[in-house]
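Engineer: quick one, fold the following:
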Amino acid sequence: MFYESNDLIIRPYRSGDEPSLAFYSNNKQVAAQMPGWFPSPFTYDDALVWVADNMQSNSNFPIIYYGDVIGNIGLRNINGTEAELVLWIGPDFWNRKIGSRACQWFVSAAQKELGISSLHAFVKDGNIAAERIANALGVRIVR
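Structural biologist: Coordinates of the predicted model:
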């Protein structure tokens, strides 16, 4: 799967993605919105493992904004045609519609290319932006 616009790229992980992934993911605001499996702090070593684990995967992809990996979009707990949608973006990039754009493309690609027909997303209470994205795309919210 691959997406590219003038400012945003979503493509498979590759070596070299680790520094900016670690920088933008190692944030208490990001961790506060994520489930318990998300490492906090998100260290460079965590980024090394994440990138290595996902380089050959069709389930997680870096969100690249003007050349920096600012977050991740992907799937977890894939079970046939069902999966959990995962998204995180560094707070410096919140409220810019990057998450909406990434999710809109990714949900469509997951349906077409991976045959995923039912998505749910873990959304913490009060995360209005994530709720709006999920509702707009027909993704079921779980808490």
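
Engineer: relative to the whole chain's centre, how far out is the strand of greatest length in the chain?
Structural biologist: Of all the elements of type strand in the chain, the one with the most residues (DSSP state E) is strand 68-79. Offset of strand 68-79 from its chain centre (CA atoms, centre = their mean, to the nearest Å): 4 Å.

Engineer: now it: average pLDDT?
Structural biologist: For strand 68-79, mean pLDDT rounds to 97.

Engineer: do stretch 108-123 as well
Structural biologist: The average pLDDT within stretch 108-123 is 95.

Engineer: from one end of it to the other, what's the distance?
Structural biologist: Stretch 108-123 has an end-to-end distance of 20 Å (CA to CA, to the nearest Å).

Engineer: do stretch 112-122 as well
Structural biologist: The straight-line separation of the ends of stretch 112-122 (CA to CA) is 22 Å.

Engineer: and for stretch 87-97?
Structural biologist: 13 Å.

Engineer: so the closest residue to residue 139 other than its chain neighbours: helix, strand or coil?
Structural biologist: Using CB to CB, 6 or more residues apart in numbering and skipping the chain neighbours, the partner closest in space to residue 139 is residue 119 (4.6 Å). From N, CA and C alone the C-beta is placed, and that goes for glycine too. Residue 119 falls in the strand class when you classify it by DSSP: H, G, I helix; E, B strand; the rest coil.
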